[in-house]
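1. let me see the structure of the following:
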Amino acid sequence: MIDIDLTPSAAERVAAIAERQGKPAILRLAVDGGGCAGFQYRFELADSVEDDDVLAERDGVKLVVDTISLDLVRGCSVDFVENLGGAAFQVNNPNAQSGCGCGTSFSV
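-> Residues are numbered from 1 along each chain as shown. Just a heads-up that it's a prediction; the model follows:
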């Protein structure tokens, strides 16, 4: 099983944001307690890949997840979607038992 994956759409968006901010094209996905369903996803541009990170790479863009968060997102893919509701990174997580309407929190 692939630990984590980054879609072409997400890779393209991360590359554009990183270039605009003058940062490396490294997107960090972390899971925090909270949100309306128990856990919530947190995204940020990272300056580097840490020793304990799990890494996925597409088109020169890196997606990194720390080992603690990995247990909750193993097998997921990160996509970037644009629709009438706006534009956002979206996690397709096979481990989530339920989610909320905002799409940023989930339960296992």
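2. all helices for this structure, in order.
-> Taking DSSP state H, the helices of the chain run over residues 8-21, 67-73.
3. TSV for those, including mean pLDDT, mean neighbour count and distance to residue 30?
-> For every residue, glycine as well, the C-beta is placed using N, CA and C. Below are these laid out as TSV (pLDDT from 0 to 100; neighbours: other CB atoms under 10 Å; distance: least, CB to CB, whole Å):
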stretch	mean pLDDT	mean neighbour count	distance to residue 30
helix 8-21	96	16	15
helix 67-73	90	17	5
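4. so which of those is nearest residue 84?
-> Closest to residue 84 of the helices of the chain, according to CB to CB: helix 8-21, at 16.9 Å.
5. and the closest one, what does it pack onto?
-> Secondary-structure packing of helix 8-21 (3 or more CB pairs under 8 Å, 6 or more residues apart in numbering; DSSP states H and E): strand 26-34, strand 38-45, strand 54-58, strand 61-65, strand 76-83.
6. so which of these is the most packed in?
-> Counting by mean count of other CB atoms under 10 Å, strand 61-65 has the highest mean neighbour count of these, with a mean of 23.
7. just checking: what are the partner strands of it?
-> Using DSSP bridges, strand 61-65 pairs in its sheet with strand 26-34 (parallel), strand 54-58 (antiparallel).
8. for residue 3, find the nearest of the ones you listed.
-> The closest of the strands paired with strand 61-65 to residue 3 is strand 54-58. By CB to CB, the value is 4.9 Å.
9. mind exporting the C-alpha coordinates of the closest one to PDB?
-> Output of strand 54-58 as PDB, limited to C-alpha atoms (Å, rounded to 0.1, in the frame of the first residue of the first chain):
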ATOM      1  CA  VAL A  54       7.100   9.800   5.200                       C
ATOM      2  CA  LEU A  55       7.500  11.300   1.700                       C
ATOM      3  CA  ALA A  56       5.600  11.300  -1.500                       C
ATOM      4  CA  GLU A  57       6.800  13.100  -4.600                       C
ATOM      5  CA  ARG A  58       5.200  14.200  -7.800                       C
END
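10. that one to helix 8-21, inter-axis angle?
-> Using axes from the mean of the first three to the mean of the last three CA atoms, to 10 degrees, the inter-axis angle of strand 54-58 relative to helix 8-21 is 90 degrees.
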